[in-house]
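Chemist: Curious how this folds, go ahead:
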Amino acid sequence: MSTNLCITWKKEDTDLDAGYYLPHHGILQPDNKTTKASKNLVENSKSSPTKVYELRTVTYGTASAPYLATKVLQQLALDDEKNFPLASKVLLQDFYMDDCLSGSSEFTEFETIKSELRQLLQRGGMTLHKWCSSYSPTTAQEFPLDRNSEEIQVKTLGMIWNSVSDTFTYKANVNINHSYTKRDVLSQITRIYDPVGLLDPVISETKIFMQQLWLLKLDWYEILPPDISQQWENLIKTLPDLEKIQIPRCFLETNAIHVILHGFADVSSKGYGAVIYFQTVPIDEESNCRLLCSKSQVAPTKIMTIPRLELSACLLLSKLTHEVISALKMQIESVQLWSDSTIALAWINTPPNLLKTFVSNRVSQIQQLTKDFQWKHIPSEYNPANLISRGPDVKALAANDLWWKGPDLENLTASTPDSLQASSFVTDECYSNELKTIPKLTLKLNIDSNFIDNLLDLTNNFHKLIRILAFIFRFITNCKTGVKQSDSLTLEEYGKAEIFLINHFQARYFAPEIACLKKGSSVSQS
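Modeler: Down below sits the predicted model:
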């Protein structure tokens, strides 16, 4: 949910955005029957009487509290959708817990949203506060901020949003004490919250390190070995450089006439990842491509072949692309997915029923999720997902245009063919090892004269008879090899059928002569 909302908020090229903070107090009205069912008993002393309090807010800590708080917002939007159409839409789509991230490209429309939201939520006993906007204060004089005007950075969905530059930044609090436990490592990793994966080359490296600790079977409070501890310290010393990275919030240009999504997948022996870029083609301008989101996973501890990992990365990319398209809710001209693994692309173009279980299950999901998309091959040096699986340090990442802007897509699209056909990899060992072993089928063809006579009863056309026999022989070949040929008959197949028919009639009508020839004796002239 947070990922989808963050992608949606990054979508619009707007000069006015706001973060609203909604505390769920006062949700219940004093005369509401619900308050009578939620009571607290307080006894100050044994001599004083017990006091009974009716709760007018959601009781925090109960299992139903998150549901009740969210349901109130949803119900308010549904009940007053006709009276507050804009606010109802924002309430249903742009809220995450008690934060709202929304906006508009028009200031007047935003003022309407702001007014409707206040009225709508007031009906539920809630008041909006801590407003913040990226709009110019001189233009938005009627848009007061609840916070100090000098406080331009707002923490939003775990990220820091600079409302003046309209960019995202990150905060990295690093504790260097030269002695670390597994608990310390996990605590440091969870401090970097990156819901859309803009820093995945760095985050994936910390995930891989955490997996190494699990493989060492260390306790939570056990001090790390010196070499491992030094490795971790070298890693976290680079994290403060994250604060220097500024990422533009908006990725959609107002004058864009075409929108294309590009997804990339890649792996290493330690992990794999997927990254998506948003390409816009404005009128009479060069196309613009920006990083939209990414996702990474560590490789399983069970040893797996690189082609299988590549296929898993393609599946991760397929799922991520599906989520992004659902979150964007806009028309996209085309979706192009890229991988540098020729074997994985060949599997994707293979019917799942011909593949072994592991590969078959993943290929089936990929084909279902990406049936309307294009899969293409890309050289490894141009693949930005390569940075996720083999992450650079923070300083190198900040200056890496391949990560932030992607490869040169126009030249790459023109020079790169579509995904490779499976037929060209039939003899490749990595590909063929994942094909199902087809049981050998032995068919013994005993054709007696009655069979041929029956064919002669159907037709006495020599060419038609050969054609019928050729199709019969093709059926037998398909059963034996498992490769289904369904195109037109070849000259070779016609020739085999003709030779068989001639041999059959010779064996039937010239049996004595053939027997004499086999014995080496002379043939009677009669």
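
Chemist: What count of nearby residues applies to residue 231?
Modeler: Using other CB atoms under 10 Å as the criterion, residue 231 is surrounded by 13 other residues. The C-beta positions use only the backbone N, C-alpha and C, and glycine is treated the same way.

Chemist: so how far is residue 111 from the closest residue to it other than its chain neighbours?
Modeler: Sequence neighbours aside, residue 209 is the residue nearest to residue 231 in space, at 7.3 Å (criterion: CB to CB, 6 or more residues apart in numbering). Using CB to CB, to the nearest Å, residue 209 is found at 49 Å from residue 111.

Chemist: How about residue 235?
Modeler: Note on residue 235: its distance to residue 111, by CB to CB, is 47 Å.

Chemist: on that earlier part again, between residue 209 and residue 111, who's got more neighbours?
Modeler: Between residue 209 and residue 111, counting by other CB under 10 Å, residue 209 is the more crowded of the two (18 against 15).

Chemist: Just the element for the more buried one, please.
Modeler: Taking DSSP states H and E as the criterion, residue 209 maps to helix 200-215.

Chemist: So what's the gap between that helix and the chain middle?
Modeler: The chain centroid and the centroid of helix 200-215 are separated by 20 Å, computed with CA atoms, centre = their mean, to the nearest Å.

Chemist: packing partners for that helix?
Modeler: Secondary-structure packing of helix 200-215 (3 or more CB pairs under 8 Å, 6 or more residues apart in numbering; DSSP states H and E): helix 182-191, helix 226-236, strand 271-282, strand 288-298, helix 386-389, helix 394-398.

Chemist: How many neighbouring residues does residue 104 have?
Modeler: Around residue 104 sit 21 other residues, with neighbours defined as other CB under 10 Å.

Chemist: What of residue 492?
Modeler: Under the criterion other CB under 10 Å, the count of neighbours that residue 492 has is 9.

Chemist: cool, and residue 428?
Modeler: With neighbours defined by other CB under 10 Å, the count for residue 428 comes to 14.

Chemist: Not counting its neighbours along the chain, what's nearest residue 455?
Modeler: With CB to CB, 6+ apart, the residue lying closest to residue 455 is residue 465, at 5.9 Å.

Chemist: Could you list the low-confidence segments of this protein?
Modeler: 1-38, 56, 135-152, 157, 253-256, 283-285, 413-427, 438-450, 482-483, 525-526 (pLDDT under 70).

Chemist: try 50
Modeler: When residues are selected by pLDDT under 50, those of the chain lie in 1, 14-26, 28, 30, 138-150, 422.

Chemist: Tell me which residue is most central in it.
Modeler: Within the chain, one residue has its C-alpha closest to the average C-alpha position: by CA atoms, centre = their mean, that is residue 320, at 1.5 Å.

Chemist: what about the strands in the protein?
Modeler: Listed in chain order, the strands found in the chain under DSSP state E are 16-21, 39-42, 51-54, 95-96, 99-104, 153-156, 159-162, 167-169, 247-248, 256-267, 271-282, 288-298, 334-339, 374-377.

Chemist: circling back: can you redo the helices and strands packed on helix 200-215 as TSV with distance to residue 359?
Modeler: As requested, those are exported to TSV (distance: least, CB to CB, whole Å):
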stretch	distance to residue 359
helix 182-191	32
helix 226-236	34
strand 271-282	15
strand 288-298	18
helix 386-389	20
helix 394-398	33
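
Chemist: Which residue ranges make up the domains of this structure?
Modeler: Domain segmentation of the chain under the TED database yields 3-11+50-151, 251-434, 450-519.

Chemist: Out of the ones you listed, which is closest to residue 198?
Modeler: domain 251-434 (6.5 Å; CB to CB).
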